[in-house]
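Peer 1: need coordinates for the following:
(2 chains)
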Amino acid sequence: DVKVTQSSRYLVKRTGEKVFLECVQDMDHENMFWYRQDPGLGLRLIYFSYDVKMKEKGDIPEGYSVSREKKERFSLILESASTNQTSMYLCASTNPAGRSNTGELFFGEGSRLTVL
Amino acid sequence: DQQVKQNSPSLSVQEGRISILNCDYTNSMFDYFLWYKKYPAEGPTFLISISSIKDKNEDGRFTVFLNKSAKHLSLHIVPSQPGDSAVYFCAASYGAGGTSYGKLTFGQGTILTVHP
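Peer 2: Modelled structure (predicted):
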């Protein structure tokens, strides 16, 4: 079974703290993604990576950075957490076209972050 | 600018009846559309997809219809079951090849409740 694992299901942090959200996939996928989900806004893309050490900004990258040192692991970093970053964070992975024909993303279970 | 819109935040249906979830998009470059289902405290899971070269795709109880001229797609669930109660997200992408594969733009989601 395919699996995307997010290290923390629930986190509570204080404003200004540095936050690391870790994601590991066991499907040897090349592309990995970080989304956040907010009520009324759906899922919005923060960053994605199509190869080790490669990254591209999504639609809402401000206040976030990412790291992809190994193919299976993609980390989201909040350098200085703020209350408006309270959200559900979802990691996903997939392979480029031709290898996974359905175009689907495989998602982790999500990390619920609360910033006080 | 919301490029993918689900204008109905919620939908309530009786068990056994048809559920119709709607989605509109504005970007004519989108060439691949997907529906995801999300239960509380879980990540979204892929449900069904359709390419822009088709106008219908069916998988068991789930059918997706695409009207390119209207930039509209819909998901039909027949018959609806209580286990279908979840949040449904519409998503779209373009440029299926290469590094952008899997970069999806999501709608806001529709909460479907199926009553026994």
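
Peer 1: so where's chain A uncertain?
Peer 2: Within chain A, the ranges that satisfy pLDDT under 70 run A:1-2, A:97-103.

Peer 1: all strands of it, in order?
Peer 2: All strands of chain A, identified by DSSP state E, fall at A:4-6, A:10-13, A:19-25, A:31-38, A:42-51, A:54-57, A:65-70, A:73-78, A:87-94, A:106-107, A:111-115.

Peer 1: ok, which of those comes nearest B:Phe89?
Peer 2: strand A:42-51 (6.1 Å; CB to CB). Every C-beta, even on glycine, is put in place using the N, C-alpha and C of the backbone.

Peer 1: for the closest one, which strands pair with it and how are they oriented?
Peer 2: According to DSSP bridges, strand A:42-51 forms sheet pairs with strand A:31-38 (antiparallel), strand A:54-57 (antiparallel).

Peer 1: any chance of the strands of chain A in TSV, plus mean neighbour count?
Peer 2: Listed next are the strands of chain A as TSV, based on neighbours: other CB atoms under 10 Å in any protein chain shown:
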stretch	mean neighbour count
strand A:4-6	19
strand A:10-13	14
strand A:19-25	19
strand A:31-38	24
strand A:42-51	21
strand A:54-57	14
strand A:65-70	15
strand A:73-78	20
strand A:87-94	24
strand A:106-107	22
strand A:111-115	18
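
Peer 1: got those as a markdown table, with distance to B:Ser74 columns?
Peer 2: A markdown table is the format used below for those (distance: least, CB to CB, whole Å):
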| stretch | distance to B:Ser74 |
| --- | --- |
| strand A:4-6 | 29 |
| strand A:10-13 | 35 |
| strand A:19-25 | 32 |
| strand A:31-38 | 22 |
| strand A:42-51 | 17 |
| strand A:54-57 | 31 |
| strand A:65-70 | 35 |
| strand A:73-78 | 33 |
| strand A:87-94 | 24 |
| strand A:106-107 | 23 |
| strand A:111-115 | 31 |
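
Peer 1: so, in contact with chain A or not, the helix or strand where B:Thr113 lies?
Peer 2: With secondary structure defined by DSSP states H and E, B:Thr113 is part of strand B:110-115. No. With CB under 8 Å from any CB of the partner chain as the criterion, chain A is not reached by strand B:110-115; the gap is at least 10.0 Å.

Peer 1: need the residues of chain A near chain B, please.
Peer 2: With CB under 8 Å from any CB as the criterion, chain A comes near chain B at residues A:4, A:9, A:31, A:33, A:35, A:40-45, A:48, A:50-51, A:54, A:56, A:58-59, A:90, A:92-98, A:102-110.

Peer 1: and the residue positioned nearest the centre of chain A, what does it touch?
Peer 2: Residue closest to the mean C-alpha point of chain A, counted by CA atoms, centre = their mean, is A:Trp34 at 2.5 Å. Residues in contact with A:Trp34, defined by CB atoms under 8 Å, 6 or more residues apart in numbering or on different chains, are A:21, A:23, A:45-48, A:58, A:64, A:66, A:74, A:76, A:89-91.

Peer 1: that older thread, out of the strands paired with strand A:42-51, flag the one nearest B:Lys56.
Peer 2: Nearest of the strands paired with strand A:42-51 to B:Lys56, taken as CB to CB: strand A:31-38 at 28.2 Å.

Peer 1: the inter-axis angle of the closest one versus strand A:73-78?
Peer 2: 40 degrees (axes from the mean of the first three to the mean of the last three CA atoms, to 10 degrees).
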